[in-house]
Each structure stands twice: as structure tokens, then as C-alpha cells.
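1. okay, sequence plus prediction incoming.
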Amino acid sequence: MTEVSPFYDKKVQCLACKHSYTTIKIRSRFIKVKGHDRDFCPIYGSDELNPLLYNVSVCPQCGFSFTDEFTKYIVPVLQTDLEKKISRHWQPQDYGHIRSVEDAIKTYKLAAYCALIKKEKKITIAGLYLRTAWLFRKTGQEDQERRFINLATHEYIESYLNDDFRGTAMSETKLLYLIADLLRRQDKYEDAVKYLSKVIERQQTSGEPKIVEMAKELWHDMREGFKNQKQNHLA
Ligand SMILES: [Zn+2]
């Protein structure tokens with residue numbers, strides 16, 4: 001009997017130049033999730049079998065990079081923009097094999113740039129920034145993590161204010177909670193509390209008691225954090 005590899009090649013067609021290529025994915029039965037950080041960052045049982053590394057498909061021919069969240073259609077005028085800003089500068093390279101965390105970070109940066117040019121939804125762009133931040137959390141580069149948390153927060157708030165997340169997998173309650181946690185991570189406590197109270201206001205109507213509970217816990221822990229800070233200051 002041959003042993004099944006956790007990895008397989010997925011066939012992909014580039015949305016921009018229509019070139020067909022393969023990119024590595026992990027078979028779902030090999031993925032073990034041990035838990036989550038407060039901003040929903042999954043903690044996987046293995047560094048290698050981390051599907052976050054393989055979310056982005058990068059066209060080896062033109063450089064266009066995207067995830068399953070992207071819409072398939074590209075407006076012709078934006079297609080020209082992509083050609084000018086990406087393809088003309090692209091040095092053919094293949095991200096279709098096993099990726100290091102550093103490789104994966106590059107693929108997310110490429111995808112975020114393509115998403116901006118292609119005018120993808122803010123919720124999609126925010127998700128790319130947040131995942132980049134998670135990968136920097138893994139490598140311990142705190143400044144870079146914070147930089148991408150900041151970029152993600154900005155896009156998530158815009159998405160909330162413009163109702164751009166409607167019709168996606170992101171619910172309003174989850175989005176408000178996530179914004180609060182990302183603000184907390186940037187020490188913007190007053191703003192974080194504003195968003196947490198919006199979550200808690202929805203506790204009767206949201207149908208998401210788990211998120212409401214997480215919001216209450218976060219608020220509680222922030223308050224405790226303040227108290228300790230004060231005590232340390234007095235001591
Ligand atoms: Zn392409």
C-alpha cells in the first residue's frame with residue numbers, strides 16, 4: 001500500500017491571463033487545529049501542515065495572485081491596470097511547491113496588491129492583511145505583525161461602515177468583535193470598548209452567543225489589565 005501524502009497539486013486557472021497551473025494544497029484530513037487566538041488565528045498541530053501557507057495561488061506566468069474569496073470577473077480597465085502594475089514587472093517564479101512562512105508572506109502581499117488593483121471587497125483585502133499578520137506572529141516579527149493588524153483593522157472598519165461584508169461568510173457580530181480585538185492589539189482600548197459594546201448590545205438578536213461570550217471575556221480581561229497597570233504604577 002502506498003502512503004497518501006498530505007499534499008496534493010490543485011489545478012488552477014489564472015483569472016487574469018487564463019494560464020493553467022498547479023499549486024500545492026493540504027488534504028483536509030491531515031489538518032489538525034489545536035485552538036484559536038482571540039482574533040480567530042488558528043493554531044495548528046504541525047508547522048508544515050498549515051493550510052494558511054497555501055491559501056494564495058500565484059500565477060507563475062503573469063504574477064496575478066488570488067484566493068478563493070476573490071470574485072472571478074476582472075473589469076477590462078482593471079485588467080489593463082494589473083498588466084501594467086504586476087505582469088510587466090513579473091520575473092517568472094513558481095510558488096506552487098512547498099512554502100516556507102516567508103514564501104507564504106510574499107504570496108499574501110502579492111494577493112493584497114492584486115486585490116487592491118482589482119478592487120476586491122474590503123472584507124477580502126482585510127482578510128489577506130490579517131493572515132499576513134498571523135504569519136508574522138508565527139515568525140515573532142512583532143512590528144510587522146502590528147503593521148498588518150493596523151492595515152486589516154482599517155479595511156474591516158471600512159467594510160463594516162459600508163456594509164461590504166454582507167453576503168460573505170463574515171457576520172456582523174463576528175466582524176464587530178474582530179475589529180475590537182484588533183484595536184485592543186494596537187492599545188486602542190477606548191475604540192475597542194466601543195466595538196465590544198456593539199457586540200454585547202446584540203446579545204439577544206445576533207444568534208451568536210459564543211461571540212457575545214468572547215466579547216464579554218475580552219472586555220473583562222481588558223478591565224483587569226487596566227487595574228493591574230494602575231497597581232503597578234502605584235507600587
Ligand atoms: Zn496569469
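-> Perfect, thanks for sending it. Numbers count the residues shown, from 1 in each chain.

2. every contact and neighbour count from this point should use C-alpha atoms.
-> Noted.

3. can you list the low-confidence ranges for this structure?
-> For the chain, the stretches with pLDDT under 70 are 1, 232-235.

4. near the ion, which residues of it show up?
-> 14, 17, 59, 62 (Cα under 5 Å from the ion).

5. contacts only, for the closest residue to the second one other than its chain neighbours.
-> Pointing back at residue 17 there. Of all residues not flanking residue 17 in the chain, residue 62 sits nearest, at 6.9 Å (Cα to Cα, 6 or more residues apart in numbering). Residues counted as contacts of residue 62 (Cα atoms under 8 Å, 6 or more residues apart in numbering) are 16, 17, 86, 87, 88, 90, 92.

6. again, but for residue 185
-> Neighbours of residue 185 in contact, by Cα under 8 Å, 6+ apart: 146, 149.

7. same question, the one 3 residues further on
-> Under the criterion of Cα under 8 Å, 6+ apart, the contact list for residue 188 is empty.

8. if I look at it, how far off is the ion?
-> To the ion, residue 188 is 40 Å away according to Cα to the ion, to the nearest Å.

9. over to residue 218?
-> Distance, residue 218 to the ion, using Cα to the ion: 43 Å.

10. that residue belongs to a helix, doesn't it?
-> Yes: assessed with DSSP: H, G, I helix; E, B strand; the rest coil, residue 218 lies in a helix.

11. residue 99 touches residue 55, doesn't it?
-> No: counting by Cα atoms under 8 Å, residue 55 is not a contact partner of residue 99; they are 10.9 Å apart.

12. one step back: ramachandran angles for the residue nearest to residue 17?
-> Dihedral pair for residue 62: phi -120, psi -10, per degrees, to the nearest 10.

13. same question, residue 57
-> phi -100, psi 130.

14. got the contact list for it?
-> Listed by Cα under 8 Å, 6+ apart, the contact partners of residue 57 are 12, 23, 65, 66, 67, 95, 96, 107.

15. show the buried residues in these.
-> 23, 65, 66, 67, 95, 96, 107 (16 or more other Cα atoms under 10 Å).

16. skipping adjacent residues, who's closest to the fourth one in space?
-> Taking Cα to Cα, 6+ apart, and ignoring the residues beside it in sequence, residue 67 has residue 56 as its nearest neighbour in space, at 4.9 Å.

17. neighbours around that neighbour, how many?
-> 26 (other Cα atoms under 10 Å).

18. rewinding a little: for the contacts of residue 57, which one is nearest residue 159?
-> Closest approach to residue 159 among the contacts of residue 57 (Cα to Cα): residue 67, at 18.4 Å.

19. between the buried ones among the contacts of residue 57, which is closest to the ion?
-> Nearest to the ion out of these is residue 65 (Cα to the ion; 8.1 Å).

20. ok, the closest one touching residue 114?
-> Yes: shown here, residue 65 and residue 114 form a contact pair, counting by Cα under 8 Å, at 6.4 Å.

21. quick one: contacts for the residue lying closest to residue 26 once chain neighbours are set aside?
-> Excluding the flanking residues, the one nearest residue 26 by Cα to Cα, 6+ apart is residue 7, at 4.6 Å. Residue 7 makes contact with 24, 25, 26, 27 under the criterion Cα under 8 Å, 6+ apart.

22. tell me, how many residues neighbour residue 228?
-> A count of neighbours around residue 228, defined by other Cα under 10 Å, yields 12.

23. any idea how far it lies from the ion?
-> Distance of residue 228 to the ion, given as Cα to the ion: 53 Å.

24. secondary structure element for that residue?
-> helix 209-234 (DSSP states H and E).
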